[in-house]
Every structure is written in C-alpha cells, then in structure tokens.
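Engineer: My questions concern the predicted model and sequence given below.
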Amino acid sequence: MKQKPMHSQTTPILFQHPSEAELRPPLRSIIWANVRDFALFIALAFICWVIITTGLMTVFGG
C-alpha cells in the first residue's frame, strides 16, 4: 500500500507575527479604561471618607 504525500494546506500568512498597530489597543478603549478606573477611585475614596468621618464622630463626638 503506497500512500500519496499529503500537501500542507497552511500558508505562510498563518505564521506572520502581528504588526505593531495590531498589538496596540485602540485609543478609545484606553481612554474608557482610564475613566472607569478614575471613577472607581473617586467612589472608593468617598466611601472611605464617609466611613472614617463617621467613625471619628462616633468616637470623639461632634
């Protein structure tokens, strides 16, 4: 039984590395991530401020 050699169906394009533009995330996603992180920081800072202020007023009166 003689078998025929199988030819590869892959092309060299499958082995190309992504370009620099393809690796870089879009500017809109960078800005959205920064806005989301800043909003989260402000919210957590406000919550911590309320907790600390309430605790100090409870301990020392006010």
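Structural biologist: It's in. Numbers count the residues shown, from 1 in each chain.
Engineer: drop to CA atoms for contacts and neighbour counts, all remaining ones
Structural biologist: Noted.
Engineer: contacts for stretch 19-35?
Structural biologist: Residues outside stretch 19-35 that contact it (Cα atoms under 8 Å, 6 or more residues apart in numbering): none are found.
Engineer: do that again at 10 Å, thanks
Structural biologist: H17, R36, D37, F38, A39, L40, F41 (Cα atoms under 10 Å, 6 or more residues apart in numbering).
Engineer: Show me where this structure has its strands.
Structural biologist: Counting by DSSP state E, one finds no strands in the chain.
Engineer: So which residues of it form helices?
Structural biologist: 20-23, 27-60 (DSSP state H).
Engineer: now the ones you listed as CSV including mean neighbour count, distance to Q3 and mean pLDDT?
Structural biologist: Shown next, in CSV, are the helices of the chain (neighbours: other Cα atoms under 10 Å; distance: least, Cα to Cα, whole Å; pLDDT from 0 to 100):
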stretch, mean neighbour count, distance to Q3, mean pLDDT
helix 20-23, 8, 42, 88
helix 27-60, 11, 53, 97
